[in-house]
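Student: Here is the input, now give the coordinates:
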Amino acid sequence: MLCPLTPFIKLMNGITFLAAVPAGGWHRQSSDWMAIPMTNEQKELVQTSWQKVEPIADTAASLFYGRLFEIDPSTQPLFSKTDMADQKKKLMQVIGIAVRGLDRVDETLAVVAELGKRHGAYGVTDRHYDSVGSALLWTLEKGLGDQFTPDVKDAWATVYGILANTMKGAVVTA
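Tutor: Modelled structure (predicted):
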């Protein structure tokens, strides 16, 4: 089964541009795609900082969901029938796969798009993605402490934006 989004990647002056392009093709209209620059330095910052979070994955996942439910109570019912211990493990596994997959963005974005379709079916909205992004950055700040520099924060925000936009785009085109 083909993914409804085809990743589009350009390398220019050390910057990777990722875009979710509708499977129907390139239409040359800015509304048909989204380009988000990610430098190699940002990719390395995300991958290196994630290695520091992995040893505290259980704590990080608990912090994340606690913060998510605090800042956006509308997300809590989405997990009403979920084994949260299992969900926390899945969250950390998915983030790890996505972070390691930054070296193979075309494959990773296809998987992320499929994940986005499933999340759309669960009732996840665009607003929820904003809340998740805020909770993720907050969790990383708590977990990394002084190592959560402005550059690391910017790198994570960029990568999360790429992933969230890919997931949201998959729902729109499904």
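Student: In the protein, which helix is the longest?
Tutor: Assignment by DSSP state H gives helix 150-173 as the longest helix of the chain.
Student: Now do the buried residues in that one.
Tutor: Of the residues in helix 150-173, 152-153, 155-171, 173 count as buried by neighbour count, 16 or more other CB atoms under 10 Å. Every residue, glycine included, has its C-beta placed from N, CA and C.
Student: cool, stretch 86-105 as well?
Tutor: The neighbour-count check on stretch 86-105 (16+ other CB under 10 Å) flags 88, 91-92, 95, 98-99, 101-102, 105 as buried.
Student: Quickly name whichever of those is closest to E41.
Tutor: Using CB to CB, L102 is the member of the buried residues of stretch 86-105 that lies nearest E41, at 12.0 Å.
Student: quick one: the closest residue in space to the closest one that isn't next to it in sequence from T158, how far?
Tutor: Leaving aside its chain neighbours, L102 sits nearest to K43 (4.8 Å; criterion: CB to CB, 6 or more residues apart in numbering). Look at K43 and T158: by CB to CB, to the nearest Å, they are 9 Å apart.
Student: same check, this time on L136
Tutor: 12 Å.
Student: ditto for A135
Tutor: Distance from A135 to T158, by CB to CB: 17 Å.
Student: out of the buried residues of stretch 86-105, which one sits closest to Y122?
Tutor: Using CB to CB, these come closest to Y122 at L91, 13.9 Å.
Student: Work out for me the element that closest one sits within.
Tutor: Under the criterion of DSSP states H and E, L91 resides in helix 84-100.
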